[in-house]
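*Asks:* fold the stuff below for me.
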Amino acid sequence: MNLKALGWNSDYETYFQNHYGQGYIPGRVAVEHKRIYRVFTEQGEVLAELKGKMRYHAAGREDFPAVGDWVALSLREENRGIIHSILPRKSKFSRKVAGNTTEEQLVAVNVDTVLILNALNGDFNIRRLERYLTMTWESGAAPVIVLSKADLCQDIEEKQLQVEAIACGIPVHVISSIKGEGMQTIKQYIGEGKTIALLGSSGVGKSTLVNTLIGIEAAKTQAIRAGDDRGKHTTTYRELHVLPGGGVIIDTPGMRELQLWGSEEGIQEAFEDIEEIAGNCRFKDCSHEKEPGCAIQEALSEGALDESRWLSYKKLQKEILFLQGKQELQVRLAAKKSHKAQNKNLREIYKHKY
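*Replies:* Residues are numbered from 1 along each chain as shown. Take a look at the predicted model:
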């Protein structure tokens with residue numbers, strides 16, 4: 001395989017210089033399974049596992065490889081390998097794992113462009129789209145909105161206007177993979193050295209789009225449910241596919257529960273219009289409730305700011321603050337545990353010494 005076609009560039013070449021002297025080769029993680037990874041290299045496809053030392057020193061999820069990562073590995077017999085380290089990431093799309101556990105889940109890394117798919121059928125959801133935009137901006141990749149299943153929609157222009165109202169200048173494309181409509185607009189983001197990732201709920205047409213771009217049925221597809229237009233989980237794990245004309249595409253499972261993981265920077269980018277309005281408030285510490293000269297309340301009363309968008313903005317802000325509080329608590333508890341362990345070791349040393 002050609003490394004440049006997989007996204008290799010001069011930055012990664014610089015990062016890898018120290019590894020060449022150790023006899024390692026570069027590879028890109030295509031699929032992540034439990035304790036084993038499928039990695040693309042110039043020598044072909046390799047099944048690799050982590051070096052024990054690397055696994056032992058891992059402090060959290062981000063210290064393990066994810067789909068899209070460039071890694072340094074040594075080869076063994078029968079297309080097997082050992083991963084020794086992960087090269088620095090240029091972007092990282094994460095979410096909080098489902099449930100009450102405060103833990104990060106890496107969805108895709110080293111992505112240039114995230115195609116956020118939102119179907120134009122009964123599963124159309126503006127608020128969910130705002131959440132995807134927030135997380136994409138936080139990742140460091142460039143978001144692009146793709147409105148799929150245009151062949152199943154009777155009011156395309158109306159829904160497109162709704163999306164453009166919250167897109168804040170982000171490109172919005174309407175496609176129908178089944179009919180082949182709008183595919184040329186998608187191909188502008190594809191090319192040698194480029195990595196795109198597809199994100200969206202189940203049934204929005206991610207796998208169908210992958211198959212259309214690759215030209216073969218690389219990903220399974222299923223029909224949507226007739227009752228509510230929602231899709232079934234077709235893609236069950238994240239996978240990196242090489243595109244015929246160069247570049248790669250990362251397909252991801254549908255995500256109905258999309259909890260934020262990050263800081264307020266993503267919200268500021270996704271809600272740039274609200275941030276701009278808030279900048280005109282009389283007081284810098286305005287809570288946007290009943291203060292005189294509040295530009296937000298003025299925009300709401302005049303209809304310049306949609307109330308549902310304002311409520312969505314506040315909800316995501318509260319979610320981030322709550323998450324940050326739980327993360328800080330985890331750090332304090334981990335430090336306390338480490339301190340106790342150190343004191344115990346010191347007591348054992350003094351006990352045996354004296």
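*Asks:* C-alpha from now on. contacts and neighbour counts both.
*Replies:* OK.
*Asks:* the bottom helix or strand of this structure by mean pLDDT?
*Replies:* helix 307-353 (a mean of 67; mean pLDDT, DSSP states H and E).
*Asks:* where does this protein have low pLDDT?
*Replies:* Within the chain, the stretches with pLDDT under 70 are 96-103, 216-236, 254-263, 322-354.
*Asks:* for it, what spans make up the strands?
*Replies:* For the chain, the strands defined by DSSP state E cover 25-33, 36-41, 44-50, 70-75, 80-86, 92-96, 104-109, 113-119, 142-148, 172-174, 195-199, 239-242, 248-251.
*Asks:* to residue 299, which of these lies closest?
*Replies:* strand 172-174 (25.2 Å; CA to CA).
*Asks:* elements contacting that closest one?
*Replies:* With contacts defined as 3 or more CA pairs under 8 Å, 6 or more residues apart in numbering; DSSP states H and E, the packing partners of strand 172-174 are strand 142-148, helix 156-167.
*Asks:* deepest in the core, which of the ones you listed is it.
*Replies:* Mean neighbours per residue, mean count of other CA atoms under 10 Å, is largest over the helices and strands packed on strand 172-174 for strand 142-148, with a mean of 24.
*Asks:* return the list of helices and strands in contact with that one.
*Replies:* Identification of packing neighbours for strand 142-148 by 3+ CA pairs under 8 Å, 6+ apart yields strand 113-119, helix 126-139, strand 172-174.
*Asks:* what sits up against that strand?
*Replies:* Here strand 142-148 makes contact (CA atoms under 8 Å, 6 or more residues apart in numbering) with 112-120, 133, 136-137, 160, 170-177, 204-205.
*Asks:* how far away is the closest residue to residue 42 other than its chain neighbours from residue 239?
*Replies:* Leaving aside its sequence neighbours, residue 42 sits nearest to residue 1 (CA to CA, 6 or more residues apart in numbering; 4.5 Å). Counting by CA to CA, to the nearest Å, the gap from residue 1 to residue 239 is 17 Å.
*Asks:* out of these two, which sits in the busier spot?
*Replies:* residue 239 (21 against 13; other CA atoms under 10 Å).
*Asks:* can you name the residues that contact residue 152?
*Replies:* 120, 121.
*Asks:* any idea how far residue 184 is from it?
*Replies:* Taken as CA to CA, the span from residue 152 to residue 184 is 20 Å.
*Asks:* per the record, what domains does this protein have?
*Replies:* Domain ranges of the chain: 10-86, 92-251, per automatic domain parsing.
*Asks:* in a markdown table, list those domains along with distance to residue 282.
*Replies:* Formatted as a markdown table, the domains of the chain follow (distance: least, CA to CA, whole Å):
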| stretch | distance to residue 282 |
| --- | --- |
| domain 10-86 | 42 |
| domain 92-251 | 24 |
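*Asks:* tell me which of those is the most buried.
*Replies:* domain 92-251 comes out most buried of the domains of the chain by mean count of other CA under 10 Å, with a mean of 19.
*Asks:* that domain: how far from the chain's middle?
*Replies:* Taking CA atoms, centre = their mean, to the nearest Å, one finds the center of domain 92-251 at 11 Å from the center of the full chain.
*Asks:* tell me which of the helices and strands packed on strand 172-174 lies nearest to residue 9.
*Replies:* For residue 9, the closest of the helices and strands packed on strand 172-174 is strand 142-148, at 18.4 Å, according to CA to CA.
*Asks:* output that closest one as CSV, restricted to C-alpha atoms.
*Replies:* Extracted in CSV, the C-alpha atoms of strand 142-148 (Å, rounded to 0.1, in the frame of the first residue of the first chain):
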residue,chain,number,x,y,z
ALA,A,142,-13.5,20.7,9.5
PRO,A,143,-17.3,20.0,9.6
VAL,A,144,-19.4,19.6,6.5
ILE,A,145,-23.1,18.9,6.6
VAL,A,146,-24.6,16.4,4.3
LEU,A,147,-28.4,16.1,4.0
SER,A,148,-29.0,12.5,2.7
